[in-house]
Every structure is written in structure tokens, then in C-alpha cells.
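>>> Coordinates for the following, if possible.
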Amino acid sequence: MFLRRVARPIMMMARLKETTGIVGLDVVPNAREVLIGLYTKTLEEIKGVPEDEGYRKAVESFTRHRLKVCREEEDWEAIEKSIGCGQVEELIEEAQDELKLVGHMNEWKPWGIPDDYDCEVIENDAPVPKHIPLHRPGPLPEEFYKTLEAVNTETLESIISSPKKGEPAITSSESESK
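This next block holds a predicted model:
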């Protein structure tokens, strides 16, 4: 009887998770500590990526946010609710995957393409099967080619100033001020 009165309030403070409800995903009793460790390690590893890269900025941003939540919240339910991206066990898997990806990115260095790198573009005009959607743009209007030619030959102003039937002439701000 005494044990029930003492133990019950302690058990009510931190509920134990019995199952994740996801086949193959076991409960991690110390999920908060695991997440803090993974997020801290990810923030250390991402320092190998140049500061101006979008990948680094994105990873640092969401990892710092999640680390902050894990440090502020003691309860796994509060962590799940605050982050809003699934159960803590799923967050652990995501953090492990991201840490692995950061290692690969540091190894591959996809941001290190030299300025003089020449990429060969291969066009294939083979017919596309009917069940595959066709994502090729149609031909451009003739006006586009005229404008492009005018830009290249610096006669754009002559094309702009000659209006079509029923259209007002476009004038530059310089001619209006004269």
C-alpha cells in the first residue's frame, strides 16, 4: 500500500513508452539523450561543408532547432509534439541517416566543381513511349527569335518603338523627358 502511494506519482510524471506501433522500430528508452548526442555530432560534422553552401545552412538550421527542443524538454512526448516530425524513434533514424549523409557529402564534395569544368550535354531525339509524359517544351514564338536577334544586333530599340496595329508605342523614359 505504501509503495503504491509513493511510486504512483513518480510513474505518472514520466510515462514509459511500451511500443512505437511501427513494425521493426523498437522503443528507445533514452531517446532524448541519443538525439542530443546525434544532433551534437551532426553539428560538428557539418563544419566540413563550406559555410556558404545551402546544404550546410539547412542542416544547421533544423538540427539546432531540434537540439534546442531536446535540451529544453525532458519528456519524450513533449519532444515529439514540439518537433512535430514523428516519434522520437523515427527522429533517431532520421538523425542517423543525416549524419551518414553529412559524412558522404564531406567525402564527395559536390560543391567543389571547378570553374573551368565543361559538362557535355547529350541530346537524344529517340521517340518517347506513349506511357511516358513528354516534358519537352514546344517551339518558341517567332517574336522571341526576332527579339533575340535584335538584342544581339543592338537594334532592340527600333523593334520596341515600332508598335503593332492597335498597340500603343513603347517609349523609353529618356525620350519622354526630352
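>>> Is Arg56 in contact with Pro50, as I believe?
Yes. If you go by C-beta atoms under 8 Å, Arg56 and Pro50 touch, sitting 6.8 Å apart. No exception for glycine: its C-beta is placed from N, CA and C like everyone else's.
>>> Looking at the two, which has the bigger crowd around it?
Arg56 (18 against 11; other C-beta atoms under 10 Å).
>>> For the nearest residue to that one once chain neighbours are set aside, give me its contacts.
Computed as C-beta to C-beta, 6 or more residues apart in numbering, the closest residue to Arg56 that is not its neighbour in sequence is Val49, at 4.0 Å. Neighbouring residues of Val49 by C-beta atoms under 8 Å, 6 or more residues apart in numbering: Tyr55, Arg56, Val59, Val102, Met105, Asn106, Trp111.
>>> Buried subset of those as a ChimeraX selection?
Applying 16 or more other C-beta atoms under 10 Å to those, the buried members can be selected in ChimeraX as follows:
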select :56,59,102,105
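>>> Make CSV out of the contacts of Val49 and add pLDDT.
Converted to CSV, the contacts of Val49 look like this (pLDDT from 0 to 100):
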residue, pLDDT
Tyr55, 94
Arg56, 95
Val59, 97
Val102, 97
Met105, 95
Asn106, 94
Trp111, 87
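>>> ok, residues contacting stretch 92-106?
With C-beta under 8 Å, 6+ apart as the test, stretch 92-106 has contacts from 25, 28, 31, 34-35, 38-39, 41-42, 45-46, 48-49, 55, 59, 63, 66, 85-86.
>>> Return the subset of the contacts of Val49 lying in helices.
Among the contacts of Val49, DSSP state H puts Tyr55, Arg56, Val59, Val102, Met105, Asn106 in helices.
>>> JSON lines please, covering these and showing distance to Glu123.
Below are those laid out as JSON lines (distance: C-beta to C-beta, whole Å):
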{"residue": "Tyr55", "distance to Glu123": "30"}
{"residue": "Arg56", "distance to Glu123": "34"}
{"residue": "Val59", "distance to Glu123": "35"}
{"residue": "Val102", "distance to Glu123": "36"}
{"residue": "Met105", "distance to Glu123": "30"}
{"residue": "Asn106", "distance to Glu123": "34"}
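>>> Now do the contacts for Glu45.
Leu99, Val102, Gly103, Asn106.
>>> buried ones in the helix or strand hosting it?
Using DSSP states H and E, Glu45 sits in helix 31-45. Buried residues in helix 31-45, defined by neighbour count with 16+ other C-beta under 10 Å: Ala31, Arg32, Val34, Leu35, Ile36, Leu38, Tyr39, Thr42, Glu45.
>>> No further questions, thank you.
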